[in-house]
Every structure is written in structure tokens, then in C-alpha cells.
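Visitor: got a sequence here, can you build the structure:
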Amino acid sequence: MAKSAPEVPRELTPEAPLFETKADLTISGAFGRAGLRVGAERAYRYEETPLGFEVVDSWALGDLREPRVEDLVDACALVAKVGGVDVELLRATSARRRTLAAAEAKLRARIAEEEQPEGDDEPRACPKCSRPLPEDSDICLACLNRGQTLLRLFSFAKPYRARLLWGTALILGGTLLEVLPPYFTKLLVDDVLTEGNVAIFGWLIAALVVSRLLLSAVQVARGRNVAYLGSRVAIDIRTALFRKILQQSMSFFDRRNVGSIMSRVTNDTGALYDVLIDGVPITVNQGALLIGIPIAMLLMDWKLALLALLPIPAVLVTMHVFRRRMMRVWSRFYHSWARLSSTLNGILQGARVVKAFQGESREEGRFGRRVTDLAHTGYVAELGWSNLFPIVMFTMSLSGFIVWWAGGVAVLEGSLTIGKLTAFIGYVALLSQPLSMIQRIIDWTSRSLTAAERVFEVLDMPLEVEDAPDAVPAQDLRGSMKLVDVHFGYEPTREVLHGIDLEIGAGEMIGLVGHSGAGKTTLVQLLLRFYDPTQGRIEVDETDLRKIKLSDFRKHVGIVMQESYLFPGSIRDNIAYGRPEATAEEIIAAAKAANAHDFIVAFPDGYDTYVGERGQRMSGGERQRVAIARAILHDPRILILDEATSSVDTETERQIQAALERLVAGRTVIAIAHRLSTLRQADRLVVLEHGRVAEIGTHDDLMGRPNGIYAR
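Guide: Got it, this is the predicted structure:
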């Protein structure tokens with residue numbers, strides 16, 4: 001039994017710790033046990049040495065300022081300022097970033113003499129096996145029940161019960177037809193060739209031909225049925241997965257890159273499709289043969305059958321052990337594929353930056369490493385099969401040797417007919433087919449279960465933002481909003497907003513102002529309910545936003561972002577995205593109100609002009625005015641403007657500003673802005689600093705405070 005690691009002695013530091021954080025990198029950056037203890041007066045960094053645990057540094061709490069977590073190469077560090085100089089308090093691998101983030105929050109609260117927040121001091125681990133959990137998942141692949149996964153995969157076929165029953169009947173009928181020829185061969189040898197019963201000779205030949213014709217017909221029907229059933233189930237799985245992804249909150253997308261999500265929808269569901277079309281029918285058919293052939297052999301001669309089946313358990317045990325290893329290999333394969341998709345997506349999306357900074361060779365090298373990693377994983381899988389296959393084939397051939405030896409002796413002794421021996425040789429040859437297919441069946445099931453687990457992982461994720469059970473519709477929204485003690489952090493241990501209190505009247509225009517990182521965009525995303533506050537509440541028309549049906553609320557909210565996203569398609573489709581049923585007259589009216597009609601009709605295809613990927617075939621000002629037209633046509637009661645004029649020239653800004661004036665009329669508007677032209681229009685300005693409301697007032701009021709944040 002392995003010796004457990006020694007505990008860190010409590011007497012290591014002169015004062016009792018208020019909290020302690022453990023890490024896995026030493027002060028030199030090497031792997032090792034280390035930690036940070038924070039007492040009432042000082043913080044102590046310790047690590048394990050050959051002589052035991054030792055304190056390697058300490059700092060007075062009064063000297064520590066601005067603690068933060070910095071990301072390093074495959075590592076992270078908890079850093080603070082001491083006398084204006086950055087000092088590293090603790091270092092850990094990237095897997096423990098949440099641990100250091102929790103330590104940062106607690107240390108910050110301790111320095112400010114505030115209440116210590118709750119937080120995870122250890123990396124997330126599986127409660128069953130204690131293995132680390134992936135950053136973007138709460139599912140431990142090592143502890144998943146593969147049997148349940150397989151049953152759940154087949155549960156998608158429930159709507160097609162009639163097809164399943166028909167397929168089962170075809171499989172049973174096909175199995176019966178495949179085991180009949182060796183029996184007919186026995187009758188031909190014993191009754192016709194040996195006994196001279198010529199009367200049944202023609203009938204037996206006809207029976208062999210008819211059984212083969214019927215088997216061919218059954219195989220055709222079975223293939224057609226499986227093709228339909230597999231395609232429908234694959235469509236249902238892919239649709240359900242995509243629906244669940246769309247239902248997820250923005251935090252789901254924050255934790256994952258686009259390439260990884262695309263890999264789930266395409267590669268993983270594609271693997272399921274291949275298995276449902278090819279793997280499942282072959283598995284069921286060969287499984288039926290693996291049961292039916294031994295039964296036929298046992299009915300014919302149970303003693304010889306037992307001898308012939310003697311090597312089979314060894315083959316099955318070997319395959320079972322090998323399957324468990326292959327599950328791990330295919331898990332790495334799909335992970336490598338997701339990383340490849342992520343890398344490719346990032347390079348293609350940033351193609352302009354790659355070319356501008358001559359990064360082609362670097363990106364080619366990075367992509368090459370991903371491709372090599374994927375190819376190596378596939379090579380390991382195929383190498384395993386190439387090593388196993390000859391062993392399995394030799395073990396299966398032992399059945400034939402045993403039948404020839406034991407059956408031959410029985411024929412010589414007169415206790416077994418030549419016909420039975422011939423039938424047994426035929427059955428053994430037939431049995432080699434399902435046994436040789438076991439390796440491919442295991443390959444298919446390994447792929448399908450690994451892919452299914454990745455798909456079900458997303459399908460099982462709880463929705464962080466969803467309708468409350470008692471959610472009410474929002475049909476006649478006035479647009480008043482109220483934030484009460486709103487706290488929020490993208491990570492549980494790193495708060496971005498700290499107790500925001502704010503009231504916004506219906507039809508009022510609020511300008512959000514603050515330095516980069518003050519929390520403006522975060523606040524807007526909470527108002528859009530892309531996220532829910534971790535503490536406090538947001539009210540719309542005096543109703544908690546979480547108790548308003550999300551679909552209804554979003555119908556009354558519009559947004560014009562700093563970099564407006566246009567979908568590949570026509571200008572018409574992009575303007576009508578929020579109201580697909582809008583008429584051509586309504587679309588044109590919205591475009592005119594957004595000062596977009598003139599440049600649209602100047603295009604050869606007018607409103608049918610293709611905008612390109614992300615709208616790249618249009619200028620920034622044109623994209624922005626199309627986005628404004630989209631918002632005008634949507635006709636929201638609450639409008640969010642996120643620096644809508646920050647990236648255009650002066651002339652275009654005037655046109656956009658005129659369009660915005662038409663858009664904001666009579667609506668509740670929350671605008672993130674730095675330009676004076678936008679700020680002057682606001683009824684009130686809300687100045688944010690470090691996630692808190694620092695000042696509220698009109699432009700003139702705030703300018704009248706010479707020492708105020710806004711005035712500075």
C-alpha cells in the first residue's frame with residue numbers, strides 16, 4: 001500500500017492560519033508541495049524540502065496591495081504589490097487556477113478587513129474517484145456507466161418502435177437462415193450420399209438455394225430499415241444537442257472555444273451516425289449469430305459442441321480487456337480532434353492578423369503539431385488492433401483443430417457420422433465470422449460510447465439561465481428597471497460587480513461610463529440576462545427578471561453592439577433577423593430610419609446583396625447601420641447601445657447618430673459611451689469604477705465636480 005503524503009504541520013508558522021491554500025509548484029517552478037498560510041498579521045509561503053516543510057518567505061498583511069492571479073505558461077501565480085513592486089506569493093499549475101482565484105478573493109477581503117468569502121481551495125475533483133474534472137465539465141469520464149450510456153443512446157430510437165420491431169424480426173430471420181445451410185449439408189452427406197436417399201436430393205439442393213435467396217432478401221430489407229432508422233436517430237441526436245447548446249447561458253461559451261463546440265456537433269455526432277448505420281446492425285446481427293450457432297451445435301452434439309466452443313471464452317475475455325484500453329485511446333482521439341478544430345477555427349477567423357504579422361509559419365507549425373497529435377492517437381488505436389487481430393484469429397482457429405481431432409476420432413470409432421462432422425466444420429467456419437467481427441464491433445462501440453459520452457455531457461448540463469417554474473409572460477412591458485445589491489463574477493471566486501444599486505425609469509436614457517474593466521459590459525450583459533446575478537436581483541417593471549419568461553423578455557430588448565455581427569446571407573435577411581415575418585416595406589422603412597437605404601440600393605443586388613462572413617464585405621459604418629435597422633425593425637422597449645459609434649469616421653458617425661436619435665425615442669436606453677455627443681443626450685450618467693457605482697448625475701452635474709471621476 002502506498003505511503004500517504006505527510007501533512008503540513010500546524011506549528012510550521014508562528015500564528016494560526018485564518019485560511020490556507022495549497023499549490024503544486026515550488027518557488028523555483030518545479031513540481032512539489034507548497035502553500036500559502038495567511039494569519040492575522042502575516043502571510044507565509046512554505047514548501048516541502050528534503051528536510052520537511054519550511055517557510056521560504058513571509059510578508060506583513062499591511063504591506064500587501066492589489067492581490068491578483070496572473071497566467072503564466074502552463075501555470076499561474078498569485079501576485080501582490082509590496083512597496084510598489086510585484087511579489088509572487090504562490091505558484092501552481094493551470095489546473096489549480098480556481099484555487100489561486102479563491103485565495104486571491106480571501107486575501108483581498110483579509111487586507112480590506114471584510115468578511116471572508118467562501119470559495120474552493122482545491123481543484124474540482126470527481127467525488128467517486130478523486131480524479132481532476134475538466135474545466136468545462138462536471139462529468140468524470142472514468143466513472144461513467146458505459147452500459148447506461150449505451151442504453152441511453154438507444155433510447156433515442158423509442159419514437160421508431162415499429163421500425164425496431166421490424167428490424168428485430170429481420171435479424172432473427174436472417175440468423176435462422178444463416179444456420180440452416182450446414183444442417184442441410186449434414187442431410188446431404190448422411191441421408192443422400194451415405195444412405196442413398198435420392199428422393200430428397202433435389203429438395204435439399206432447392207432448400208439451399210431458397211435459403212440463400214431469402215437471406216439476400218432479408219439482408220436488403222435489413223439494410224434499408226437500418227439506413228432509415230440510423231439517419232433519423234442521428235438527426236434527432238444532433239438536433240437535440242444543437243438545441244441544448246443554444247439554450248445555454250453565455251458562461252457556457254465563455255468556458256469553451258468555438259472549435260470545441262463545433263467538434264461536438266459535427267465529429268461526435270458524426271461518429272454516432274456511422275455507428276448507428278454500420279456498427280449497430282452488424283453488432284446485433286453478429287451477436288445473434290454468436291448465440292444461434294452454438295445453440296445449433298449443442299442441439300446436434302453437445303459433447304463435440306463444448307469442445308469446439310472451448311477457446312471462445314478466452315477470446316471474449318481478451319476482447320473485454322482490450323475494449324477498456326481502447327475507450328481511453330478514443331477518448332484522447334476525440335479530445336485531440338476538438339483541439340485541432342479549435343486551432344483551425346482560431347487561425348481562419350484571425351486570418352487577417354496572421355497575414356499582417358507574418359504568422360503563417362508559426363500557425364503552420366501549430367496546426368502541424370495538432371495534426372500530428374491526432375494522427376499519433378489514431379496510430380496507437382490501429383497499432384493495438386494490428387497486434388490483437390493475429391492473436392484472436394489463431395485462438396479462433398483452435399476451434400477448427402479441435403473439431404477435426406475430436407470429430408475425426410469419433411467418426412473413426414463410429415460414434416459420429418461424417419455428415420455431422422461436416423456440419424460442425426461448417427458451423428465452426430461460420431462462427432469465425434462473428435468472432436472475427438468482434439474486434440471491429442469493439443472498435444465501433446468504443447468510438448460510439450466515447451462520442452456519446454461527449455454528446456450526453458452537453459445534453460445533461462443544467463441551464464444556468466432558464467425560466468423559473470412560476471415565470472410570467474411580459475406582454476406589455478413599460479421598460480423600467482431596478483438593480484438591487486447586484487453582485488456578479490464570471491468565476492465564483494472572482495467578483496466583477498460589487499453591490500450595484502440603480503433605478504432606471506421607463507423611457508429614460510442612461511449612459512454607462514467608466515475605465516476599461518470597470519464592469520460596464522458585464523452590467524449590460526446582466527440586463528440582457530445573458531447571465532444571472534450571483535447575489536441580488538434585477539427587476540423589470542417591478543418584477544424579478546428571473547420570473548419573466550425569457551423568450552418574452554428578449555422580444556422587448558434590442559442591442560446595437562460596438563462590433564455588430566452580421567450573419568452570412570443577404571442584407572434583407574440580416575435586417576429582418578429579429579422579425580423574419582416582416583414585409584419588404586417594413587424592412588425598407590427600417591433601413592431608411594437607420595440611414596442605410598441609400599447605400600443599400602447603390603449595391604447591384606440591393607437588399608439581396610450578400611454580406612459575407614461576419615459582414616466582411618461591408619464597411620464598419622455600413623454594418624453598424626444595418627444593425628441599427630435590425631434593432632429598429634425589432635421595435636424593442638429596452639435598447640442597449642454598446643459603443644455604437646466608436647469605430648467609424650466623423651461623417652458616418654453623424655449618420656449613425658441621426659439614426660440612433662430616431663431609434664431611442666420613447667424607449668428605455670442603456671448606452672455604453674465615451675463620446676461627448678452620446679453622453680450629452682443621456683438623461684443621467686452612471687459612472688462605474690472597480691465594479692461599483694461611483695457617481696450618478698447629468699453631464700453638467702458631473703462636470704461641476706472638479707475632483708470627480710467623470711470630470712477627470
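
Visitor: CA atoms for contacts and neighbours, from now on please.
Guide: OK.

Visitor: packing partners for the strand or helix carrying residue 47?
Guide: Per DSSP states H and E, residue 47 falls inside strand 42-49. Packing partners of strand 42-49 (3 or more Cα pairs under 8 Å, 6 or more residues apart in numbering; DSSP states H and E): strand 31-38, strand 52-60.

Visitor: against which helices or strands is the helix or strand hosting residue 391 packed?
Guide: Using DSSP H and E, residue 391 maps to helix 360-402. If contacts are counted by 3+ Cα pairs under 8 Å, 6+ apart, helix 360-402 sits against helix 302-308, helix 312-349, helix 418-459.

Visitor: I'd like those helices as a markdown table, with mean neighbour count, distance to residue 266 and mean pLDDT appended.
Guide: Shown next, in a markdown table, are the helices and strands packed on helix 360-402 (neighbours: other Cα atoms under 10 Å; distance: least, Cα to Cα, whole Å; pLDDT from 0 to 100):
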| stretch | mean neighbour count | distance to residue 266 | mean pLDDT |
| --- | --- | --- | --- |
| helix 302-308 | 17 | 45 | 85 |
| helix 312-349 | 18 | 10 | 72 |
| helix 418-459 | 21 | 10 | 75 |
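
Visitor: which one of those lies nearest to residue 582?
Guide: Between residue 582 and the helices and strands packed on helix 360-402, the tightest spacing by Cα to Cα is seen for helix 312-349, at 31.7 Å.

Visitor: that older thread, how about the strand holding residue 47: buried residues?
Guide: Neighbour counts over strand 42-49 (16 or more other Cα atoms under 10 Å) mark 42, 43, 44, 45, 46, 47, 48 as buried.

Visitor: what is the host helix or strand of residue 412 packed up against?
Guide: Element membership for residue 412, per DSSP H and E: helix 408-413. Using 3+ Cα pairs under 8 Å, 6+ apart, the elements in contact with helix 408-413 are helix 418-459.

Visitor: out of the helices and strands packed on helix 360-402, which comes closest to residue 518?
Guide: helix 312-349 (27.8 Å).

Visitor: and the residue nearest to residue 711 when sequence neighbours are not counted, backbone torsions?
Guide: Using Cα to Cα, 6 or more residues apart in numbering and skipping residues adjacent in sequence, the residue nearest residue 711 is residue 703, 5.0 Å away. Per-residue torsions, residue 703: phi -70, psi -20 (degrees, to the nearest 10).

Visitor: residue 703 is in contact with residue 696, isn't it?
Guide: No: Residue 703 lies out of contact with residue 696 (Cα atoms under 8 Å); the separation is 11.3 Å.

Visitor: and the two? Which one has more around it.
Guide: residue 696 (19 against 15; other Cα atoms under 10 Å).

Visitor: can you give me the end-to-end span of stretch 291-311?
Guide: Stretch 291-311 has an end-to-end distance of 15 Å (criterion: Cα to Cα, to the nearest Å).

Visitor: need the residues that contact that stretch.
Guide: 175-176, 179, 395-396, 398-400, 402-403, 406-407, 420, 424, 427-428, 430-431 (Cα atoms under 8 Å, 6 or more residues apart in numbering).

Visitor: ok, which stretches of the stretch 1-150 of the chain are helices?
Guide: According to DSSP state H, counting those that start in this stretch, the stretch 1-150 of the chain carries its helices in the segments 97-111, 146-155.

Visitor: make a markdown table out of those helices and add mean neighbour count, mean pLDDT and distance to residue 477.
Guide: Compiled in a markdown table, the helices of the stretch 1-150 of the chain are given as follows (neighbours: other Cα atoms under 10 Å; pLDDT from 0 to 100; distance: least, Cα to Cα, whole Å):
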| stretch | mean neighbour count | mean pLDDT | distance to residue 477 |
| --- | --- | --- | --- |
| helix 97-111 | 23 | 82 | 39 |
| helix 146-155 | 14 | 66 | 42 |
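
Visitor: got JSON lines for these, with distance to residue 435 too?
Guide: Putting the helices of the stretch 1-150 of the chain into JSON lines (distance: least, Cα to Cα, whole Å) gives the following:
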{"stretch": "helix 97-111", "distance to residue 435": "49"}
{"stretch": "helix 146-155", "distance to residue 435": "21"}
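
Visitor: and residue 89, which of these is closest to it?
Guide: helix 97-111 (10.1 Å).

Visitor: centre-most residue in this protein?
Guide: Centroid-nearest residue in the chain, with Cα atoms, centre = their mean: residue 261, separated by 5.0 Å.

Visitor: could you give the mean pLDDT of the helix holding residue 391?
Guide: For helix 360-402, mean pLDDT rounds to 77.

Visitor: surely the residue nearest to the centre of the chain is within a strand?
Guide: No: the assignment for residue 261, made by DSSP: H, G, I helix; E, B strand; the rest coil, is helix rather than a strand.

Visitor: how deep is the closest residue to residue 712 other than its chain neighbours tucked in, by neighbour count?
Guide: Excluding the flanking residues, the one nearest residue 712 by Cα to Cα, 6+ apart is residue 706, at 7.3 Å. Neighbour count of residue 706, defined by other Cα under 10 Å: 10.

Visitor: where along the stretch 451-600 of the chain do the helices fall?
Guide: Counting by DSSP H, counting those that start in this stretch, the helices of the stretch 451-600 of the chain are 520-527, 550-555, 571-575, 584-593, 597-602.

Visitor: mind listing what's buried in the last one?
Guide: For helix 597-602, burial by neighbour count (16+ other Cα under 10 Å) applies to 597, 600.
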